[in-house]
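Novice: just a sequence and a predicted model for now, questions to come.
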Amino acid sequence: MIFELSNPLTKTLITHLRDKNTKAPQFRHTISELTKQLTYEALKEFPLIDKETSTWLGNKNYKTIDEEDIIVVTVLRAGMPMLDSAMELIPNVTAGFLAMKRDEETHKSILYYDRLPECKGKTILLVDPMVATGGSMCDAIELIKSRMPSKIIALNIIGSPDGLETLHSKHQDVDIYIAQIDEGLNKDKYIIPGLGDAGDRSYNTED
Ligand code: PRP
Ligand code: URA
């Protein structure tokens, strides 16, 4: 399932991201706001449990998402503001990290570090803003699946139709929530119109 957000506010924030005058702090903040929109949508049907809560009226059971069932896995670097945002919204989740870099020549992703907590039986929210060829997301999902989670949900900001098709056809069991599906890829496999390099835009490393 691929779900694209359609709220006018989402489009407005995406336009802020495309604007090359948007500086790194506002860029990261906007990624963060879009991540919250994606997280609300992705968890809309998430089951609730009863949790004994110490309140001013004494101990009572109240409904909550089982936050400890959720692991947010981020793909460095560009996924970092998305992880921070998801953890502001659901503070008791656990975090996992995958460090990946696309090779500039082959455009294939290379995994050079992973630090995942125990994933068995957990729900994984995998966050990475860009789905260009889809290679990074596919590699991330294959690695996570080898750790036997119960479910993987992908949260992405901008994707190309081809990258999303690759991702969806290889991993039909992964629900994909995305803020914007763009037109395509250029010869360097950058998303068009996209926003440029999300990692560079976030961390001031553009040439
Ligand atoms: C970006 C992005 C994805 C990947 C998408 O990371 O965050 O991980 O490219 O491309 P793909 O769908 O073709 O695999 P990048 O390699 O630029 O690293 P960065 O986050 O450090 O900038
Ligand atoms: N990575 C990015 O940050 N942007 C793209 O358009 C493609 C890969």
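Specialist: Okay, I see it. Ligands and ions are numbered 1, 2, ... in the order given.
Novice: and the residue nearest the centre of the protein?
Specialist: For the chain, the residue nearest the mean C-alpha position is V127 (1.9 Å; Cα atoms, centre = their mean).
Novice: for whichever residue of the chain sits closest to ligand 1, give me its contacts.
Specialist: Closest residue of the chain to ligand 1, Cβ to the nearest ligand atom: G199 (2.1 Å). For the C-beta atoms, the positions are set from N, CA and C on the backbone; glycine is no exception. Contacts of G199 were listed using Cβ atoms under 8 Å, 6 or more residues apart in numbering, and they are R77, A78, T205.
Novice: could you rerun that using 10 Å?
Specialist: V75, L76, R77, A78, G79, M80, K101, R102, P129, M130, T205, E206 (Cβ atoms under 10 Å, 6 or more residues apart in numbering).
Novice: farthest pair within those?
Specialist: The span of the contacts of G199, defined through Cβ to Cβ, is set by V75 and E206 at 19.4 Å.
Novice: the more surrounded of those two?
Specialist: Taking other Cβ atoms under 10 Å, V75 and E206 do not tie; V75 has more neighbours (26 against 11).
Novice: pretty sure E118 contacts I71?
Specialist: Yes. Taking contacts as Cβ atoms under 10 Å, E118 lies within contact range of I71: 8.7 Å.
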